[in-house]
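S.K.: Structure for this input, please:
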Amino acid sequence: MQSPIALRLRSEILVGVIYDPMREEMWAGQKGDTPKLNGEPFHVSDRAELAEAVISIGLAKTGETINANFPLLQAMIHRVRKCRVLGSAALDMAYVACGRFDAYIETGISLWDIAAGWLLIENAGGTVDLRPLEHMKEKYSIVASNGIIDLKL
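M.R.: This next block holds a predicted model:
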């Protein structure tokens with residue numbers, strides 16, 4: 001099982017680490033510095049064409065979040081090269097940060113699941129759009145990407 005860790009001071013994420021023991025990979029970064037995967041610098045992908053994109057759609061466990069995310073998965077399957085469902089928001093974010101995925105989208109995620117990846121993606125040149133959900137306390141909608149691709153959401 002992956003292990004994400006983030007240090008947040010007030011509203012600012014300062015450090016992010018994600019470890020995947022299955023692949024023995026560790027993504028690490030601190031605010032303003034180049035992030036590293038097992039000690040080597042990385043950056044987001046440079047793919048701009050949606051038809052060539054590899055994206056991940058998160059499917060959280062509640063009926064409400066599945067109902068929100070499943071139609072998005074169905075729509076994206078026909079528009080992108082590959083759709084993935086990893087089951088780990090932290091790994092989804094790490095894969096966007098290092099260019100394996102071009103985007104990650106989910107509705108109904110908790111901040112602690114994506115905080116480390118948020119820092120890594122932004123430090124690697126990508127973008128994260130995080131919006132609180134009015135109807136679900138402390139849950140968010142997230143679109144994280146390489147910052148180039150137009151997901152046409």
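S.K.: Show the model's pLDDT score for the spatially most central residue of the chain.
M.R.: Central residue of the chain (C-alpha atoms, centre = their mean): Met93, 2.7 Å from the mean position. Note on Met93: pLDDT of 97.
S.K.: Now do the buried residues in the longest helix seen in the chain.
M.R.: What stands out as the longest helix in the chain, according to DSSP state H, is helix 63-77. Using 16 or more other C-beta atoms under 10 Å as the test for burial, helix 63-77 gives 65, 68-69, 72-73, 76. Quick note: C-beta positions are derived from backbone N, CA and C, even for glycine.
S.K.: Regarding Arg79, which helix or strand does it belong to?
M.R.: Take DSSP states H and E as the rule and Arg79 turns out to sit in neither a helix nor a strand.
S.K.: Which secondary structure elements does the longest strand seen in the chain sit against?
M.R.: With secondary structure taken from DSSP state E, the chain has its longest strand at strand 12-20. With contacts taken as 3 or more C-beta pairs under 8 Å, 6 or more residues apart in numbering; DSSP states H and E, strand 12-20 sits against strand 3-9, strand 25-30, helix 89-97, helix 111-123.
S.K.: would you turn these into TSV with distance to Ile148?
M.R.: Supplementary listing: the helices and strands packed on strand 12-20 in TSV, determined by distance: least, C-beta to C-beta, whole Å:
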stretch	distance to Ile148
strand 3-9	25
strand 25-30	20
helix 89-97	12
helix 111-123	13
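S.K.: CA atoms only: put the lowest-mean-pLDDT helix or strand in the chain into PDB for me.
M.R.: Least confident helix or strand of the chain, by mean pLDDT, DSSP states H and E, is helix 63-77 with a mean of 76. Extracted C-alpha coordinates of helix 63-77, given in PDB (Å, rounded to 0.1, in the frame of the first residue of the first chain):
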ATOM      1  CA  GLY A  63     -22.700   5.900  -3.900                       C
ATOM      2  CA  GLU A  64     -22.700   9.600  -4.400                       C
ATOM      3  CA  THR A  65     -19.100   9.900  -5.500                       C
ATOM      4  CA  ILE A  66     -19.400   6.800  -7.800                       C
ATOM      5  CA  ASN A  67     -22.500   8.400  -9.400                       C
ATOM      6  CA  ALA A  68     -20.500  11.600  -9.900                       C
ATOM      7  CA  ASN A  69     -17.300  10.000 -11.300                       C
ATOM      8  CA  PHE A  70     -18.600   7.000 -13.300                       C
ATOM      9  CA  PRO A  71     -20.200   9.000 -16.000                       C
ATOM     10  CA  LEU A  72     -17.000  11.000 -16.400                       C
ATOM     11  CA  LEU A  73     -15.100   7.700 -16.800                       C
ATOM     12  CA  GLN A  74     -17.500   6.600 -19.400                       C
ATOM     13  CA  ALA A  75     -17.200   9.800 -21.400                       C
ATOM     14  CA  MET A  76     -13.400  10.000 -21.200                       C
ATOM     15  CA  ILE A  77     -12.900   6.400 -22.300                       C
END
